[in-house]
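Trainee: Take a look and give me a structure for this.
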Amino acid sequence: MMKTLVVMTSGGDAPGMNAAVRAVVRRAIHHGLKVFGVWNGYEGLVRGGDSIRPLAWKDVGGIISRGGTFLGTARSERFRTQEGRRLAAGNLLVCGADALVVIGGDGSLMGAHVLSEEWPEHMAALRPQGAGEEGRASRLHVIGLPGSIDNDLHGADMSIGADTALNHIVHAVDDLTSTAASHQRTFVVETMGRHCGYLALMATLAGAASWVLIPEDELELRWHQKMVRAIQRSRDVGRPHQMVIVAEGARHPDGLPIRCEDVKRILADQLKIDIRITVLGHVQRGGSPTAFDRIMATRLGTAAVDLLLKEPDLHHRHMLGLQKNQVIATPLVEVVEKSRAVRAEIENCNAGRAAEMRGSSFVKTLSLIKKLTRISPAQERRPDGSVALLTGGADAPGMNAAVSVAARCLLNQGITVLGVEAGLSGLVRGNLMELDWNELVGWINRPGSEIGTSRYPFEKEDLPRIAETLNRFHIKGLIAVGGWGTYLNIAELAGRRDAFEALDIPMILIPATIDNNLPCTEFAIGADTALNNIIQAVDKIRHTAGATRRAFVVEVMGRECGFLALMSAMASGGEKAYLPESGISLAELNRDVEVLKESFRGGKRMVIYLRNEHATRRYTTDFIRQLLEEESKGEFEVRTAILGHLQRGGIPSAFDRILASRMGDAAASAMVDALETGSREVQALCFQGRGVSLIPLSEAMEAMDHKRGRPRNQWFMGLVETADCLAMHHPVAPCETRS
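Mentor: Take a look at the predicted model:
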C-alpha cells in the first residue's frame, strides 16, 4: 500500500513548478499519505538530512503565484555516479518512500528512471546495514512531470513554464516594436531554446515578427537572401521597422550556429539599415506563472497522485503530460529517448525530420509563419466580389489578430477585404471600409477591435437592409468573429436565405469571447487573456493581507458559464468558486461561514471566494458579503471586488494571439476554397486538443443549451473536484488551510 511520497524539482527552474508541488502535496495529504520535499534537487537527495523534510498542508500555502521553485534546484555530479545514487536511495529508504515525483526536464526524468531501475540493487546493498524496514520499499515508483520553458519533451503538448516564458518574450517584442517604430529600426531578438525552437516560433507568430530562425527549420544554403528579400518587401509596403527572432540553437545548413551578430551584419550590409540586438536571457524564465501554467501544473500534480493510488500494482515509471487537453501517461524511457532523438536529428543537420518529430502542431505553425512572413498584397484584385469581416458582440482580446491574419491571407489571394464597422449594425447601415495591409500588420497585439463591435438585436426591417448592403458592396463571403450573440445572428441570416438571395453566400464564424461559452471548442479567443487579468487582480488582492483578517468575494464575468470563476480559483488559490452550473444554496453559504471562521481561527489572514456574475439571481455578491459579515461577529472583515471590464481589457496574451492567428488563417483558407468551388456552407471554427477545424454551424447550434447560453458538455467541469480538493481544509487538522 502506498504510504509515503517524495516530491522534488530538478534541472532549470520553470514558472509553475510551485503550483505542481502544491498540487502533489495537498492531493497526497488529502488521501492520507505522508509527503516529503527534497530541497535543491538531486544534490539534496544525495545529501539527505535536512535537505529532505516533511511537507504539511500549510507549507505549500501561498506559493502558487511565485515564480521558480521554493524547493530549489541544483545540478548534482554525485548523482551521476552509482555511489551517489546509492546515497540517494538510502535517504529515500530512511523516510520510507514508496514513490518519487520529479518535476523537470529530460535529464531530471532520466535520472529518476535510472534510480528506479537500480532500486533492487541498492536495497540489496543497504538492507544488511540496517537501513529501512525489511520487506518495505521493494520497488520505487517514479512519476515525472514536464518542467521546462523550452517545451522540448516528448509526451507533452506543453511543458510547465513554457507559456509563461512565451508571454515574457511576446511582451518584450511588443515593447521593442514600439521603440523600433519610433526610430525605423530593425531588432534582432535572441530567445532561449538550445535544442528546440518552440519559443522563437510561437513568439514570431504572436509578435508578428518578420522572420524567425530555429533549429528545426530546413534552411537553404543561401537562406539569408530570402530573409533580406522578405524584410525589404515589408519595408516597401510601408513598414520600416522589423523584428527578427533567433532561437539560441539556430543553425546554418552546415550545422554551424547562427549568431545574432551574423544576422545583424547581413541585414546592415545588404539593406543599409539601423540594426540592434537584444538578448532576452534569463528574464524569460522568471516571474509569476501565467494562468495556463498554474492550471496545467495543478492538473498534472493531482493526476500524479491519483495515478499512483489508482494503479498500485503497476510499477510506475511514467511522465504525465497534457496531450490534446487530456492528461496522458508516457513511459519515461520513451519520453527521454524520443526527446533526445530530436536533438540527434538537429545535430546531424536533419532539421526537417526534427520538425516532424516535434509533431503536427509544430509543423503547421512553422508553415503558417512562413506563409505570413512571405505573403504580400496581390498585384491584381479579383473582379468577382469581396469578402466582409466583422467583429460582433462584446469585444475580446485577440479579435484584431484574427481579423489581421484572415484579411492578409485573403488580400494575398487578390480578394478585396472590407471591414464592417461596429459589428452587425455596420451591415445594416452600410458602414464598411476597405482594410489596408499596412495597418493590418500592426493589429496583432492591439486590444479590443479596431473595426469596432457591438451587441445587436435583429429587427424585421434589418434583413432587407443587410441584403442591400451585401449587393451594393458585391460581398460574396462573410467572416464573423464573436460570441454566442454573433452565432445567433449569423444563424438568423443563414435561415433567411430563401427570402434574400444576397444572403446565400459562404459564412464562417470564429469563436471569440472571454466567457468561453461557445459550442464544440475548448477555448475561445479572449478567454486566456481574461483569465490572466483575473489572477493578476486576485494576486494583488492577496498582497493586501496584513494584520486584519479579511475575506474577499471577487465577482467575475462569464454569463451562464463558470469557466472564468472555476479556472481563476484554481489558478489563484481561491478558496471557493460559485458557479452557475451548480448554483448557490443557503445551506452551502452557512457551511462557508463556518469554514471561514475555522480558517481565521487557525491563523489565516486572507480568504478569497470567486463568484460568477450569474451564479444565482438572489444571492448576489453584495448579499454574500453582508451574510458573511453579519455572521462573522467581528472576527473578520468582508470586502467585495467586482472586476468588471478589467477582465476583457489589455493586450491579448500569447495564447490568444496564436489561437486567433491559426483561426484567422483557417477561416481565410476555407473562404478561398468556398469562393473557388461555389460552396455556400455556413460553418464555425473550433479548437479541440491541438487542432483547429471547421464544423457546420447547425452542428454547433445543436451542441448548445440555448436556454443557458452555454455548451451542453463543458470539459472544464471535470476539474471541479480537483479545485475543491485543493481548496478544502486539511482533512486531519482543519486549522491548516490554504492560501
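
Trainee: Would you map the helices across the stretch 51-200 of the chain?
Mentor: 82-94, 106-126, 162-183, 198-207 (DSSP state H, counting those that start in this stretch).

Trainee: helices and strands around the shortest one, which ones?
Mentor: Taking 3 or more CB pairs under 8 Å, 6 or more residues apart in numbering; DSSP states H and E as the contact definition, the neighbouring helices and strands of helix 198-207 are helix 162-183, strand 186-191, strand 211-213, strand 242-247, helix 360-374, helix 654-677. Yep, even glycine has a C-beta here, placed from its N, CA and C like the rest.

Trainee: next SSE after the helix or strand harbouring L463?
Mentor: Counting by DSSP states H and E, the element that carries L463 is helix 462-472. Counting by DSSP H and E, the next helix or strand C-terminal to helix 462-472 is strand 475-482.

Trainee: so how far is that next one from its chain's centroid?
Mentor: Put simply, strand 475-482 sits 28 Å off its chain's centre (CA atoms, centre = their mean, to the nearest Å).

Trainee: now swap in stretch 14-32 and tell me
Mentor: Mean C-alpha position of stretch 14-32 versus that of the full chain (CA atoms, centre = their mean) differs by 20 Å.

Trainee: same thing with stretch 156-171?
Mentor: Distance, centroid of stretch 156-171 to centroid of chain: 8 Å (CA atoms, centre = their mean).

Trainee: What mean pLDDT does it get?
Mentor: For stretch 156-171, mean pLDDT is 97.

Trainee: Can you list the residue ranges for helices in the stretch 551-700 of the chain?
Mentor: 563-572, 586-601, 621-632, 654-677, 697-702.

Trainee: Can you give me the separation between the residue most central in space within the chain and V363?
Mentor: Closest to where the C-alpha atoms of the chain average out (CA atoms, centre = their mean) is F292, at 4.2 Å. Per CB to CB, to the nearest Å, F292 is found 22 Å from V363.

Trainee: Tell me where the model's unsure across this structure.
Mentor: 128-137, 547, 728-739 (pLDDT under 70).

Trainee: now T298, what's its secondary structure?
Mentor: Secondary structure for T298, judged by DSSP: H, G, I helix; E, B strand; the rest coil, is helix.

Trainee: Now do it against E117, distance only.
Mentor: Taking CB to CB, one finds T298 at 30 Å from E117.

Trainee: Apart from its chain neighbours, what residue comes closest to R708?
Mentor: E560 (4.5 Å; CB to CB, 6 or more residues apart in numbering).

Trainee: Near the one you found, how many other residues are there?
Mentor: 19 (other CB atoms under 10 Å).

Trainee: Would you check that it makes contact with T616?
Mentor: No. E560 is beyond contact range of T616, at 11.2 Å (criterion: CB atoms under 8 Å).

Trainee: Can you tell me the closest non-neighbouring residue to M296?
Mentor: That would be L322: by CB to CB, 6+ apart, it lies 5.8 Å from M296.

Trainee: so that neighbour sits in a helix?
Mentor: No. Counting by three-state DSSP, L322 is not found in a helix; it is strand.

Trainee: May I have the residues that are in contact with it?
Mentor: Applying CB atoms under 8 Å, 6 or more residues apart in numbering to L322 gives the contacts A156, D157, M158, M296, R299, L300, I328.

Trainee: out of those residues, which are buried?
Mentor: Those of those that meet the buried threshold are A156, D157, M158, M296, R299, L300, by 16 or more other CB atoms under 10 Å.

Trainee: Can you name the residues bridging to the third one?
Mentor: Just to be clear, that refers to M158. Under the criterion DSSP bridges, M158 forms beta bridges with L322.

Trainee: what touches both of E560 and T616?
Mentor: Common neighbours of E560 and T616 (CB under 8 Å, 6+ apart) are P580.

Trainee: I figured A156 hits N325, correct?
Mentor: No. Using CB under 8 Å, A156 is not in contact with N325; the gap is 11.9 Å.

Trainee: still on that earlier bit, looking at the helices of the stretch 551-700 of the chain, which is buried most?
Mentor: Sort those by mean neighbour count, taking mean count of other CB atoms under 10 Å, and helix 563-572 sits at the top with a mean of 29.

Trainee: Return that one as PDB; C-alpha atoms alone will do.
Mentor: What follows is the C-alpha trace of helix 563-572 in PDB, where atoms were taken according to Å, rounded to 0.1, in the frame of the first residue of the first chain:
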ATOM      1  CA  PHE A 563     -15.200  28.800 -16.800                       C
ATOM      2  CA  LEU A 564     -13.600  32.000 -15.600                       C
ATOM      3  CA  ALA A 565     -14.700  31.500 -12.000                       C
ATOM      4  CA  LEU A 566     -13.500  27.900 -11.700                       C
ATOM      5  CA  MET A 567     -10.300  28.300 -13.600                       C
ATOM      6  CA  SER A 568      -9.300  31.600 -11.800                       C
ATOM      7  CA  ALA A 569     -10.000  29.900  -8.500                       C
ATOM      8  CA  MET A 570      -7.700  27.100  -9.400                       C
ATOM      9  CA  ALA A 571      -5.000  29.400 -10.800                       C
ATOM     10  CA  SER A 572      -5.100  31.900  -8.000                       C
END
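
Trainee: would you say L5 is within a strand?
Mentor: Yes. According to three-state DSSP, L5 belongs to a strand.

Trainee: what about it, distance to L322?
Mentor: Going from L5 to L322 by CB to CB gives 22 Å.
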